[in-house]
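**Q** let me see the structure of the following:
(chains A and B)
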Amino acid sequence: MLLSAADTVLTPVTTIDGFLLACLIDPSTGMILASAPGLGETNLPVAAAGATDVAYVLSMMSAKIAANEELDDVIVTFSNHLHLIRPLKRDQAQPALLLVILDRRRASLAMARREVRDFCASVS
Amino acid sequence: MTDYSKSIADRLTKLAAAESSGMVPITGTPAGAIHLRNGAVVYAESSRTPGPAGVPPQAGAPPQAGAPPQAGVPPQAELDSALGIGESTIDAALDLLSSRSACSRFRALTMTSAEPAALSISVAELLAEVNRRRRLLTQLAGIMPDSALTRTPVLEAHRVQVSALDWALLIRIRTGSTPRDLAWELGRSVFRTTVDAHRLVNLGLLTAAPPSGTRTPALTGSSGRATPGDDGAVSFLKALPDEKGTSVMSKVIKTAPQRRAGA
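**A** Numbering: from 1, shown residues only, chains lettered A, B, ... in the order given. As a prediction, this is how the structure comes out:
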């Protein structure tokens, strides 16, 4: 974590059922801005870089489709994990991307998605 | 890594090991300084990169953090301040470590303020992030911070959607504008502006010519100019260090219990 002062921002998402790991990423540079590691064994740099790649590709697709829409969230479902990716609608000069990884067996996708959405609204 | 940047990196590593506090002046082009507190980098400035928005650069006086955040309350201002200073510091460090500049005599300082610095990043983490950004820059098909950008006169696509930030960048492009010029104009980091410009090239909105007299990766376009679709998208996964490299997050990963063998 580069900016340890920012880690406390992520405290609310650590209470989501099935929480394993979360981080804030700068989508322009791919840098991890803040992180909240749980008990998971996920390689955070790889997960964060993958989430940034997904957001990058979707931003290119959205630009080319030109449907005048913005990305709300991305849900990636693995056999044991859920990856929730959601842009924070912050000041354009300081955009951020939230990645939350959950244990699929303990998480409720609908509840988790709602909690992530509420968290993003609270810090935007 | 060049001999020049290696000498700066070596100096920083030694100062970090000694938990030094003070400033490493960097002379040459660009000139700048890297500020340390107890061996950690708290600020860096370069003459060729913008400082954090709203924080005037003060040699020898890195920005201070505000009041400590209260538990359970998202410290928005704290976050914004840390992100702004963090990005400008890493941007400056990337510029200084990618140049032919050299370290001057270290100026030790006695810490008079008990207030925490807004940013505190270990030298190892800073160098790892700088190296990750270098690997990303090699993916940009010849678009460097000093590449001249030109708006594409005729769009190939019927229509394209751009963000407000993309638009702000596009409308500021004049003949010969570079990502570095635009970064100064917009008060953003040079690295971030360069990556954004690359995305706009891939969308067919810009073309880029390599800076003259600089060391740049070979261009893939037959005309010698970077053109849309030359190289596809940037991959942040590809920019991660190999297994022998140091990860920015190595400290956090090591604290995770029961790592799976070979993971």
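**Q** which residue would you name as the spatial centre of chain A?
**A** A:L99 (1.8 Å; Cα atoms, centre = their mean).
**Q** who touches the strand or helix carrying that residue?
**A** Here A:L99 sits within strand A:96-103, counting by DSSP states H and E. Residues from elsewhere that reach strand A:96-103 (Cβ atoms under 8 Å, 6 or more residues apart in numbering or on different chains): A:13, A:16-27, A:33, A:40, A:42, A:47-48, A:51-52, A:55, A:80-88, A:90, A:112, A:116, A:119-120, B:83. From N, CA and C alone the C-beta is placed, and that goes for glycine too.
**Q** any idea how far B:R174 is from chain A?
**A** Here the criterion is Cβ to the nearest Cβ, to the nearest Å. By it, B:R174 lies 21 Å from chain A.
**Q** sec struct for that residue, please.
**A** Here B:R174 is recorded as coil under DSSP: H, G, I helix; E, B strand; the rest coil.
**Q** do the same with B:S177
**A** Under three-state DSSP, the three-state class of B:S177 is coil.
**Q** quick check: the closest residue to it other than its chain neighbours vs chain A, distance?
**A** Using Cβ to Cβ, 6 or more residues apart in numbering or on different chains and skipping residues adjacent in sequence, the residue nearest B:S177 is B:L149, 5.3 Å away. Distance, B:L149 to chain A, using Cβ to the nearest Cβ: 17 Å.
**Q** for B:F236, give its distance to chain A.
**A** B:F236 is 4 Å from chain A, by Cβ to the nearest Cβ.
**Q** please disregard the earlier target; I meant B:K238.
**A** Applying Cβ to the nearest Cβ to B:K238 and chain A gives a distance of 8 Å.
**Q** am I right that B:P52 is in a strand?
**A** No - using three-state DSSP, the assignment for B:P52 is coil, not a strand.
**Q** is it true that it touches B:A82?
**A** No - in terms of Cβ atoms under 8 Å, B:P52 does not count as a neighbour of B:A82; the distance is 9.8 Å.
**Q** residues contacting A:D26?
**A** Residues counted as contacts of A:D26 (Cβ under 8 Å, 6+ apart) are A:L33, A:P95, A:A96, A:L97, B:L83, B:E87, B:R192.
**Q** what do you get if the cut-off is 10 Å, keeping everything else the same?
**A** Listed by Cβ atoms under 10 Å, 6 or more residues apart in numbering or on different chains, the contact set of A:D26 reads A:2, A:32-33, A:48, A:52, A:94-97, B:83, B:86-87, B:189, B:192.
**Q** can you name the next helix or strand after the strand or helix carrying B:E45?
**A** Counting by DSSP H and E, the element that carries B:E45 is strand B:40-46. Scanning forward in sequence from strand B:40-46 by DSSP H and E, the next helix or strand is helix B:76-97.
**Q** and the helices in the chain?
**A** Defaulting to chain A. Using DSSP state H, the helices found in chain A span residues A:44-65, A:109-123.
**Q** switch to chain B, please.
**A** Using DSSP H, helices in chain B cover B:3-17, B:76-97, B:123-137, B:164-171, B:179-186, B:190-202, B:250-255.
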